[in-house]
Structure formats: structure tokens, C-alpha cells
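[1] Just need the structure, nothing else, for what follows:
(chains A, B and C)
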Amino acid sequence: MTWGSAAEFFAMGGYGFYVWGSFGVAAACMLVEPLLVIRRHRAARSETGENS
Amino acid sequence: MTSTMQANTRFFTFASPPRFYALAGKLIPWLWIATALLAYAGLYIGFFEAPTDATQGDAYRIIFIHVPAAWMSMLLYMVMAFWAAIGWAFNARLASMVARAIAPTGAMFTVIALWSGALWGKPTWGTWWVWDARLTSELILLFLYLGYMALVNAIDDIRRADQAGALLAVIGSVNVPIIYFSVKWWNTLHQGATISATAAPKMVATMLTAMLLMTLACWAYAFAVVFTRTRAIIAERERDAKWLSGVSP
Amino acid sequence: MTAPVFSAVLVRDLRLAARRRVDALLPLAFFAVAVSLFPLGVGPEPNTLRQIAPGVLWVCALLAAMLSVTQLYAGDQADGSLEQMLLAGGSALPVAFAKAVSHWLLTGLPLVLVAPLFGVMFDLSGRSIAALCGSLVLGTPILSLLGNLGAALTLGVRNGAVLLILLIVPLCIPALIFGSGAVSAVETGSSARGHFSLLGALFIATGLLAPLATAAALRIATE
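    From the prediction side, this is the model:
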């Protein structure tokens, strides 16, 4: 599959909105979720031993 | 530490939170690397080697995220129910923690599947949402995930929450095929000759390869995130345990 | 051992309900009000109403059943008699089963009896109304059994009633599909045999499995 130019690639034959809308939201979710989890882990670790 | 790791690979050895915590901590970076490599390979083949489809044009490329996400959402539910049941049956704390860790990621994949399904439906079939069997079942699966998460969060007593959640998850997993069947039945009755809104185009080898690679990438991602979340849950629950203070995060 | 426990719990529940008749009628009142909202929201066009009637009546029956189900255990848990019941017998199974039966007798059965009236309001044919009652006779026990399970799972939990609806309604969807589908089929002139067979199979499966799960949930909740 050869795309003529970068513009063609982003246009996705006219369906760019739908294709990148899907992948974009998926990528956003898969970036935000790990960050939230890492934050949760750090918060839990920083509270370790406070009560012991 | 290393001698403990090398010493035994018996299954139940890692059923103890401290050992899992350590092992998972070592695996997680590798899982992220695997995710990145698999995703790169899958996306490359999906966008640069798979041809344009005759009927759907380039819109069909959404399947490279839609189908893996849908498969993961269903698979993770079964895995979640499995570990929850193990935790309940054997009173294994770690198994219950893993089940709780899986739920949000499973729900996320369901949302991605629904969102990408809607965006695929609009250019292909004309409407943002179609009540076809697959999408409707996916929506119900999201409710099942949310129900599990709501239940375990609503019960304050951790052990009771884990057990009730396990029962609910097992009941849910038994119901998933029943729900899917009934929704398919409902769909064919009400719409006659319906074309599924999420019908994939005729699959060429490159398309299949890309889908497979993306699925593996999502699998690796799920492992990485679920392991991290399990470590977070362990850290939260074992807050006062001595072993935790001495271990690196 | 099980039969006396079952009948004791059942009779007690029915007696308590008889003393608080208003509470027992609330689900029916909810059903009536909810059903009446749809013509108001959708418009009085008979053809539209006839088309949506099976779904509307079934969904409102489902919601009415779910709203009344938290009462099954709430009172007993508050005054400690639930723990007594579970301590007395060996298994929680007869208690779970008795609660489901009492719920059906108090909510499900009245819904079956009242449904024809609302079927007429939606201009359903006589055969459709018969199918409606038939589907509710098979369906409302399923709803009672599943609602019972939900009540046991969410026993004593904050916002239990709303949580219960989120948990249990997805599980009721097959019954809803086959139940309202049966009425739609009859209304449009085709056979509802397949629907009733499937509904019957669901009824049997739920009747066998739900009380077991409910008993387990009761144990979990009271340990």
C-alpha cells in the first residue's frame, strides 16, 4: 500500500476523521490509563509505613 | 532476591503478594517494550501494507483497533471472572486483587470497541449507532464491567467485596453467551436481512496479520497495565506490612 | 429440614406483607404510572402505541420488579432475623428460594393480573394480551429470581437499590427480549412458539441456578 503523500495518508481516502478519530481515542485511552495507574501506585507507596 | 527468583517456579509461589510484587515489577518494562514493538509492527502492516478495500475504502482500517479491542474486552472479562473465582474458592488474596485490577482495563477496551464501532458504522452504514448483535452485546458487556466495579467498590469489607464480586463475575460470564445469543435473535427478528454493521471486509493475509499483531499488542498492554494496577492494589492493602517498606517501587 | 424452613419464611413474608398492604401495592402503582408516561411522551397515535406496547409493558414490569426487591431482605437484616434464619437451617437455599417465591406472589403475580388492563390501553389485540400474560407468567418469576440474587449481593450496601438495578438488569435482558418479542410476534401475526420455548428454558435454568447463587450471596453477606 503506497500513499502518494503525507496528505493522502492523513486523508485516508476521505475517511480520515473516522479512522484517526478511532485510533486517536484509543491511543489517548492507552496513554491516560497507564499514567493514572502509575500515579495510583506512587500514591500508595508514599503512604507506606505511615501507620506502622 | 535473585536466588529466590531462580529457586522455584512453582505456580503458587507467586501467589504471595510480595513475590508477585517483585516479579511483576521486573516484567512490566519488558511488557511495555513488547507492546510498543507489536503495535508498531501491526500498525505498519495495517497502514502501509494492507491494501485499500474495494467497498469500504480506507475506512475499514478501523478494524485494526476495533476488533482487537473487542476481543480483549471479552477475553479480559473471562480472565477476570476466572481469577475472582480462584480468589473466592481458595481464599487467595492475590487472585482477587488481580481480578479487581483487570476490570477497569477491560471496561476501557469495551469503550474503545464501542467508540471505534460507531466511527466505523457512520461512513459504512450511515448511522453513528446501529443496534446490531455485536455492538449491542458489547454495550451490555460494558454494563457488566461497570456493575462489577460498582459492587466491589460499594462494599467496604474487602473480603466480602471480593467474594461478592467473584460471584457476580462468574454469573456474568455464564450470562455472556446467553445474552449474546438473545441479542442476535432479537436483531435478526427485528431487522430481517440485516448486514452486521461491523462486518469486516474480505480478509487478505496482510489484514489478518495486522489484526493479529494488534491483538497481541493489546494483550501485552493489558498485562503491563494490569500488573501495574495489581502492584498498586498490593501497595494500598499491604500499607502497613514491613516487607513493603524495604522493597523498591 | 428444608421444607419447613421454606414454608416458614414464605408464610412469614406473606403475613408481613399483608400487614403493610400499601407497601405491597407500590410496585403496581409504579408500573401503572411508568406505563402511562409513554403515551404522554410518545404521542397517542394508536399504531405507534401498539408497536411499542410489548417493549414498554415489559420494561416497566422489569423496573417495577427490581424496585421492590430490596425490601426482601432489608427489614430482616435490620432487626437481625435474617441472621437467625441463616443460623437455624443448614443451608441458605430454602431461605433464598422462599424469598423469590414471596416476591413473585407479591409483585410478579399482580403484574400478570394487571397487565391486560394496560394492554387494552395500548390497543393490543386479545391474542396479544394473552401472549403478554403468558410471557409475564414465565418472565416475572425470572425477574424475581434474579432480583432476589441482586438483593442478596447488595445486602446492606450504600445505594443498594440503584446498584442492584445496574447489576441485575443486564442479566434480565434475555428474558426481556424473548418476553416482549413473543408479544410482538403475536401482534404482527407470526408464531411466538420459539420465544416461549426459549423463555421457558430460561425460566427453568434460572429457577435451578439462581437460588443456589442467592444462597451463596447470602452466606457472603452475613459471614
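
[2] tell me the mean pLDDT for the lengthiest helix in chain A?
    Longest helix in chain A, counting residues (DSSP state H): helix A:16-46. Mean pLDDT, helix A:16-46: 94.

[3] what do you get for stretch B:114-123?
    For stretch B:114-123, the per-residue pLDDT averages 91.

[4] Extract the CA atoms of that stretch and return them as CSV.
    C-alpha atoms of stretch B:114-123 as CSV (Å, rounded to 0.1, in the frame of the first residue of the first chain):
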residue,chain,number,x,y,z
LEU,B,114,-17.9,0.8,21.1
TRP,B,115,-16.4,4.2,20.0
SER,B,116,-14.5,2.7,17.1
GLY,B,117,-17.5,0.7,16.2
ALA,B,118,-19.6,3.8,16.0
LEU,B,119,-17.0,5.6,13.9
TRP,B,120,-16.8,2.7,11.6
GLY,B,121,-20.6,2.5,11.3
LYS,B,122,-21.1,6.1,10.3
PRO,B,123,-19.2,6.1,6.9
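
[5] Quick one: residues in contact with that stretch.
    A:15, A:17-19, A:21-22, A:25-26, B:56-57, B:59-60, B:62-63, B:65-66, B:69-70, B:127-130, B:134-135, B:138-139, B:142, B:197-198 (Cβ atoms under 8 Å, 6 or more residues apart in numbering or on different chains). Quick note: C-beta positions are derived from backbone N, CA and C, even for glycine.

[6] before we move on, back to that, same question for the longest helix of chain A: list its buried residues.
    Buried residues in helix A:16-46, defined by neighbour count with 16 or more other Cβ atoms under 10 Å in any protein chain shown: A:16, A:18-23, A:25-26, A:29-30, A:33-34, A:37-38, A:40-41, A:44-45.

[7] before we move on, what about stretch C:106-115?
    By neighbour count on 16+ other Cβ under 10 Å, the buried set for stretch C:106-115 is C:106-112, C:114-115.

[8] same deal with stretch C:215-222?
    Buried, per 16+ other Cβ under 10 Å, within stretch C:215-222: C:215-222.

[9] which bits of chain C sit near chain B?
    C:149, C:153-154, C:157-160, C:163, C:166-167, C:169-171, C:173-174, C:177-178, C:181, C:184-185, C:198, C:202, C:209, C:213, C:216-217, C:220-221, C:223 (Cβ under 8 Å from any Cβ of the partner chain).

[10] Just the buried ones among those, please.
    Neighbour-count burial (16+ other Cβ under 10 Å) applied to the residues of chain C next to chain B gives C:149, C:153-154, C:157, C:160, C:163, C:166-167, C:169-171, C:173-174, C:177-178, C:181, C:184-185, C:198, C:202, C:213, C:216-217, C:220-221.

[11] hang on, the earlier thing: name the helices or strands packed onto the longest helix of chain A?
    helix B:63-90, helix B:93-125, helix B:205-237 (3 or more Cβ pairs under 8 Å, 6 or more residues apart in numbering or on different chains; DSSP states H and E).

[12] for the ones you listed, which one sits closest to B:Lys184?
    When the helices and strands packed on helix A:16-46 are compared by Cβ to Cβ, helix B:63-90 sits nearest B:Lys184, at 14.7 Å.

[13] can you tell me if the closest one touches chain C.
    No - with Cβ under 8 Å from any Cβ as the criterion, chain C is not reached by helix B:63-90; the gap is at least 8.6 Å.

[14] Can you pull the residues of chain B lying near chain C?
    B:140, B:143-144, B:146-147, B:150-151, B:154-155, B:160, B:163-164, B:167-168, B:171-172, B:174-175, B:178-179, B:181-183, B:185-186, B:189.

[15] Least confident secondary structure element in chain B?
    Ranking every helix and strand in chain B by mean pLDDT, DSSP states H and E puts helix B:2-7 at the bottom, with a mean of 48.

[16] Take the helices and strands packed on helix A:16-46 and lay them out in TSV including mean neighbour count.
    Conversion of the helices and strands packed on helix A:16-46 to TSV gives the following (neighbours: other Cβ atoms under 10 Å in any protein chain shown):
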stretch	mean neighbour count
helix B:63-90	22
helix B:93-125	23
helix B:205-237	21
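
[17] State the helix or strand in which C:Leu176 lies.
    In the assignment (DSSP states H and E), C:Leu176 maps to helix C:160-187.

[18] Produce a PyMOL select command limited to the buried residues of the residues of chain B next to chain C.
    Those of these that count as buried under 16+ other Cβ under 10 Å are selected in PyMOL with:
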select buried, chain B and resi 140+143+144+146+147+150+151+154+155+160+163+164+167+168+171+172+175+178+179+182+183+185+186+189
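
[19] Next SSE downstream of the helix holding C:Leu176?
    Downstream of helix C:160-187 (by DSSP H and E), the next one is helix C:193-222.

[20] avg pLDDT for that next one?
    pLDDT averaged over helix C:193-222 gives 94.

[21] One more: stretch B:61-69?
    94.

[22] Repeat that for stretch C:135-145.
    The average pLDDT for stretch C:135-145 rounds to 97.

[23] Residues in contact with that stretch: which ones?
    With Cβ under 8 Å, 6+ apart as the contact definition, stretch C:135-145 has outside contacts at C:58, C:61-62, C:65-66, C:69, C:100-101, C:103-104, C:107-109, C:111-112, C:115, C:172, C:175-176, C:178-180, C:182-183, C:192, C:195-196, C:199-200, C:202-203, C:206-207, C:210-211, C:214.

[24] what's the burial count for the closest residue to C:Ala185 other than its chain neighbours?
    With sequence-adjacent residues excluded and distances taken as Cβ to Cβ, 6 or more residues apart in numbering or on different chains, C:Ala185 is closest to C:Ala192, at 4.3 Å. By the criterion of other Cβ atoms under 10 Å in any protein chain shown, C:Ala192 has 21 neighbours.

[25] So what does C:Ala192 have for phi and psi?
    phi -100, psi 10 (degrees, to the nearest 10).

[26] got the contact list for it?
    C:131, C:135, C:181-183, C:185-186.

[27] I'd like to check the angle between the longest helix of chain A and helix B:205-237, please.
    Orientation note: helix A:16-46 sits at an angle of 30 degrees relative to helix B:205-237 (axes from the mean of the first three to the mean of the last three Cα atoms, to 10 degrees).

[28] quick one: C:Ile165 from B:Leu31, how far?
    Per Cβ to Cβ, to the nearest Å, C:Ile165 is found 38 Å from B:Leu31.

[29] And for C:Val59?
    Taken as Cβ to Cβ, the span from C:Val59 to B:Leu31 is 44 Å.

[30] if we can go back for a sec, for my notes, please list the contacts of C:Ala192 in JSON lines and give distance to B:Trp120 for each entry.
    Converted to JSON lines, those look like this (distance: Cβ to Cβ, whole Å):
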{"residue": "C:Ala131", "distance to B:Trp120": "37"}
{"residue": "C:Ser135", "distance to B:Trp120": "35"}
{"residue": "C:Gly181", "distance to B:Trp120": "28"}
{"residue": "C:Ala182", "distance to B:Trp120": "33"}
{"residue": "C:Val183", "distance to B:Trp120": "34"}
{"residue": "C:Ala185", "distance to B:Trp120": "32"}
{"residue": "C:Val186", "distance to B:Trp120": "36"}
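
[31] Considering the residues you listed, which is situated nearest to chain A?
    Comparing these against chain A with Cβ to the nearest Cβ places C:Gly181 closest, at 32.8 Å.
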